[in-house]
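[1] Turn this into a model:
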Amino acid sequence: MQQFLLIALVILGGASYWLYTENQTLKENNLKLEVAIQQQEEAMAAIRESYELQGQSLLTLQSRNAQIETEMNSYLDIFKRHNLDKLAQAKPGLITTRVNKGTKQVFETIENDSKELENLNTN
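    Numbers count the residues shown, from 1 in each chain. All right, here's what the predicted structure looks like:
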């Protein structure tokens, strides 16, 4: 009878030790999972912020595009209303200076836009 009781105590002790180590392992795994969840939540918040920033940038670009299209249409309207060939033959000095000035402004704008794009790419 004593041997049976001793064996039962050894088995119960071993089972208790095994349950204790399993419990410790589960606690460690739970902590690791909590850290992983926190990291995932932070990553999702960063993604949401980036998405909102992209949306705002897209709206800004669309607004700027609408402004550019309006400006372009006003310039095209000028060309529709005037016969530049006839005007250039009648007043060549007037047309030459205006065309050269406009061309210079266009090239400067293209150059400035190119510099801005280059700065964005390097940053």
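
[2] Just the residues contacting the worst-scoring helix or strand of the chain on mean pLDDT, thanks.
    In the chain, the helix or strand scored least confidently by mean pLDDT, DSSP states H and E is helix 84-90, which has a mean of 79. Helix 84-90 has contacts (Cβ atoms under 8 Å, 6 or more residues apart in numbering) with Leu94, Ile95, Thr96. Using the backbone N, CA and C atoms, a C-beta is placed for each residue, glycine as well.

[3] hmm, which of those are the buried ones?
    For these, a burial check counting by 16 or more other Cβ atoms under 10 Å picks out Ile95.

[4] Out of the contacts of helix 84-90, list just those in helices.
    Cross-referencing the contacts of helix 84-90 against helices under DSSP state H gives Leu94, Ile95, Thr96.

[5] count of neighbours near the nearest residue to the second one once chain neighbours are set aside?
    Put plainly, it is Ile95. Closest residue to Ile95 apart from its sequence neighbours, by Cβ to Cβ, 6 or more residues apart in numbering: Ala88 at 4.4 Å. Neighbour count for Ala88, taken as other Cβ atoms under 10 Å: 14.

[6] Ala88 and Gln105, how far apart?
    Going from Ala88 to Gln105 by Cβ to Cβ, to the nearest Å gives 19 Å.

[7] Same check on Asn83?
    According to Cβ to Cβ, Asn83 stands 23 Å off from Gln105.

[8] Ile68 now?
    Remark: distance between Ile68 and Gln105 (Cβ to Cβ) = 14 Å.

[9] can you check Asp77 too?
    In terms of Cβ to Cβ, Asp77 sits 18 Å off from Gln105.

[10] so where do the helices sit in this protein?
    Using DSSP H, the helices found in the chain span residues 2-81, 84-90, 92-122.

[11] rank those by pLDDT, which is bottom?
    Lowest mean pLDDT within those: helix 84-90, a mean of 79.

[12] List the buried residues in it.
    Within helix 84-90, no residue is scored as buried using 16+ other Cβ under 10 Å.
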